[in-house]
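In: Here's a sequence, model it:
(2 chains)
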There are 2 protein chains.
Amino acid sequence: MARAGRRPGQNETRELILAAARAQFAELGYDGATIRGIAAQAAVNPALVHHFFGTKEQVFVAALRLPIDPATVVPALVEGPRSQFGERIVRLLLTAWGDPVTREPLLAMVRTVTTNDQAARMLKQFIERQVLARVSAGLGVPRLRLAAAASHMVGLALLRYVVQVEPLAGADVDELVGTVAPIIQSYVDDPGDVTA
Amino acid sequence: MARAGRRPGQNETRELILAAARAQFAELGYDGATIRGIAAQAAVNPALVHHFFGTKEQVFVAALRLPIDPATVVPALVEGPRSQFGERIVRLLLTAWGDPVTREPLLAMVRTVTTNDQAARMLKQFIERQVLARVSAGLGVPRLRLAAAASHMVGLALLRYVVQVEPLAGADVDELVGTVAPIIQSYVDDPGDVTA
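Out: Next up, the predicted model:
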């Protein structure tokens, strides 16, 4: 507990806000939580939350220690040649999971989401609004096809880095890109006849 | 604890064997564990393990309460028209995860594997030997392509049933089959130029 009469330092205030944010996102989901509500729970001015973190999306990324910020990732995926989307997303995934610094928080996220329904709900809304909706609009690809492509990426990370199934775990990056990227690319290129 | 002087009943013996199997598989992995070692740990005759469960594979399936037995699933995937492999595996996945009776143990498995390295190691060896090797041989598809296809299936289950990301969670089975099955089919049909 903070001692009476002592004003918390910047780091303590940041941590207070992040703890409040985690509590609010868990209780209300990504959509329901607000900067105002987070500030109220942390007993700080909403302007301070903006000052430290920026938007609600950025508060979420910081609160969940997400190692991937959609503000960076979405443009990286959408910009650049459409014909190389498959390769871009596979390389991005393998780079993020291949680096121990970003792999640890990604692993933590997978563990949390598979064991905690509230965390799953938060991440669900975040993925839908901040990632899928933007990439789908940016590329003009139906959201179902894009979500299916995303699911392939998630499963690839899980089998390669968590369960470490061979030959996925031992394959080098170029071999995996050569195998998986064309498949992901067909989700983007094909018209997507869902009645087939 | 069992009372002294009382012989354990069949159910108790089965449970003793399954507990010993879980301990042996966790300690030694799928490859390292043996029926003999499991029997020794349960203080029963190895013949009794065979009698109750059959092969080591079947002991594993029972010990981990796997809701999917490769002895049933592998032939279902390999037999039937090769041109419909994609549809068969997507329907199989959606059927298993769509039924609450099988979904619960599948969910439990996902949770265990993402939070417990020993469980991940057991499942890894099991998937490699009992599933991928057989389906790969049965279809004549390179193991890397098949493992990549499997990873797509795993991710699809995770996003649809665990994180419940829309529009994957709300899509009906035929719509998902129409979207995903042709993609999985290309893993089987294409020669797989991994140097591309």
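
In: Count the residues that sit near residue A:134.
Out: 17 (other C-beta atoms under 10 Å in any protein chain shown). For glycine as for every other residue, the C-beta is placed from the backbone atoms N, C-alpha and C.

In: which non-adjacent residue is nearest residue A:160?
Out: Of all residues not flanking residue A:160 in the chain, residue A:168 sits nearest, at 4.4 Å (C-beta to C-beta, 6 or more residues apart in numbering or on different chains).

In: Point me to the helix or strand that includes that neighbour.
Out: If you go by DSSP states H and E, residue A:168 is not part of any helix or strand.

In: quick one, what contacts it?
Out: Applying C-beta atoms under 8 Å, 6 or more residues apart in numbering or on different chains, we find residue A:168 in contact with A:156, A:159, A:160, A:176, B:144, B:147, B:148, B:151.

In: check contacts around the first one.
Out: When contacts are counted by C-beta under 8 Å, 6+ apart, residue A:156 touches A:90, A:93, A:168, A:176, A:180, B:148, B:151, B:152, B:155.

In: swap in the fourth one?
Out: Under the criterion of C-beta under 8 Å, 6+ apart, the contact partners of residue A:176 comprise A:90, A:94, A:156, A:160, A:168, B:148.

In: The fourth one against residue B:151, yeah?
Out: Same thing as residue A:160. Yes: the pair residue A:160 / residue B:151 is scored as a contact, 7.3 Å apart, by C-beta atoms under 8 Å.

In: tell me the domain boundaries of chain A?
Out: Per the record, chain A has its domains at A:10-63, A:70-189, by automatic domain parsing.

In: Which pLDDT does the model give the residue nearest the centre of chain A?
Out: Closest residue to the average C-alpha location of chain A: residue A:68 at 5.5 Å, with C-alpha atoms, centre = their mean. As predicted, residue A:68 sits at a pLDDT of 75.

In: Quick check: phi and psi at it.
Out: phi -120, psi 120 (degrees, to the nearest 10).

In: coming back round to it: want to try a markdown table for the contacts of residue A:168, with distance to residue A:122 and pLDDT as columns?
Out: Formatted as a markdown table, the contacts of residue A:168 follow (distance: C-beta to C-beta, whole Å; pLDDT from 0 to 100):
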| residue | distance to residue A:122 | pLDDT |
| --- | --- | --- |
| A:156 | 23 | 97 |
| A:159 | 24 | 94 |
| A:160 | 25 | 96 |
| A:176 | 30 | 97 |
| B:144 | 34 | 96 |
| B:147 | 31 | 96 |
| B:148 | 29 | 97 |
| B:151 | 24 | 97 |
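
In: Name the nearest of those relative to residue B:64.
Out: residue A:159 (17.3 Å; C-beta to C-beta).

In: Check the gap between residue A:114 and residue A:175 for me.
Out: 28 Å (C-beta to C-beta, to the nearest Å).

In: Compare neighbour counts for these two and give me the winner.
Out: Each of residue A:114 and residue A:175 has its neighbours counted (other C-beta under 10 Å); residue A:114 has more, 20 against 15.

In: Spit out the contact partners of that one.
Out: Taking C-beta under 8 Å, 6+ apart, one finds A:120, B:107, B:110, B:111, B:114, B:115, B:158, B:162 in contact with residue A:114.

In: In a markdown table: those, plus pLDDT, distance to residue B:135 and secondary structure.
Out: As requested, the contacts of residue A:114 are exported to a markdown table (pLDDT from 0 to 100; distance: C-beta to C-beta, whole Å; DSSP: H, G, I helix; E, B strand; the rest coil):
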| residue | pLDDT | distance to residue B:135 | secondary structure |
| --- | --- | --- | --- |
| A:120 | 84 | 30 | helix |
| B:107 | 85 | 23 | helix |
| B:110 | 85 | 20 | helix |
| B:111 | 83 | 25 | helix |
| B:114 | 83 | 24 | helix |
| B:115 | 81 | 27 | helix |
| B:158 | 93 | 20 | helix |
| B:162 | 91 | 24 | helix |
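
In: mind giving me CSV with those residues and columns for distance to residue A:188?
Out: Formatted as CSV, the contacts of residue A:114 follow (distance: C-beta to C-beta, whole Å):
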residue, distance to residue A:188
A:120, 27
B:107, 31
B:110, 28
B:111, 32
B:114, 29
B:115, 34
B:158, 21
B:162, 25
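
In: Check residue A:129 and give its pLDDT.
Out: pLDDT at residue A:129 comes out at 86.

In: Okay, it and residue B:138: tell me how far apart.
Out: Applying C-beta to C-beta to residue A:129 and residue B:138 gives a distance of 42 Å.

In: How about residue A:44?
Out: For residue A:44, the distance to residue B:138 - C-beta to C-beta - is 62 Å.

In: which residue packs closest to the residue in chain A positioned nearest to chain B, ignoring adjacent ones?
Out: At 2.5 Å from chain B, residue A:155 is the closest residue in chain A, using C-beta to the nearest C-beta. The shortest distance from residue A:155 to any non-neighbouring residue, by C-beta to C-beta, 6+ apart, is to residue B:155 (2.5 Å).

In: tell me which element the one you found is part of?
Out: With DSSP H and E as criterion, residue B:155 is part of helix B:143-157.

In: in the helix or strand just after that helix, what's buried?
Out: Once the chain leaves helix B:143-157, the next helix or strand it forms, by DSSP H and E, is helix B:173-189. Judged by neighbour count using 16 or more other C-beta atoms under 10 Å in any protein chain shown, the buried positions of helix B:173-189 are B:176, B:177, B:178, B:179, B:180, B:181, B:182, B:183, B:184, B:185, B:187, B:188.

In: and if you look at stretch A:33-46?
Out: Counting neighbours by 16+ other C-beta under 10 Å, one finds that the buried residues in stretch A:33-46 are A:33, A:35, A:37, A:38, A:39, A:41, A:42, A:44.

In: need those in a markdown table with pLDDT, can you?
Out: Below are the buried residues of stretch A:33-46 laid out as a markdown table (pLDDT from 0 to 100):
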| residue | pLDDT |
| --- | --- |
| A:33 | 88 |
| A:35 | 94 |
| A:37 | 95 |
| A:38 | 95 |
| A:39 | 95 |
| A:41 | 95 |
| A:42 | 94 |
| A:44 | 95 |
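
In: Output those residues as CSV; include the columns secondary structure.
Out: Below are the buried residues of stretch A:33-46 laid out as CSV (DSSP: H, G, I helix; E, B strand; the rest coil):
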residue, secondary structure
A:33, coil
A:35, helix
A:37, helix
A:38, helix
A:39, helix
A:41, helix
A:42, helix
A:44, coil
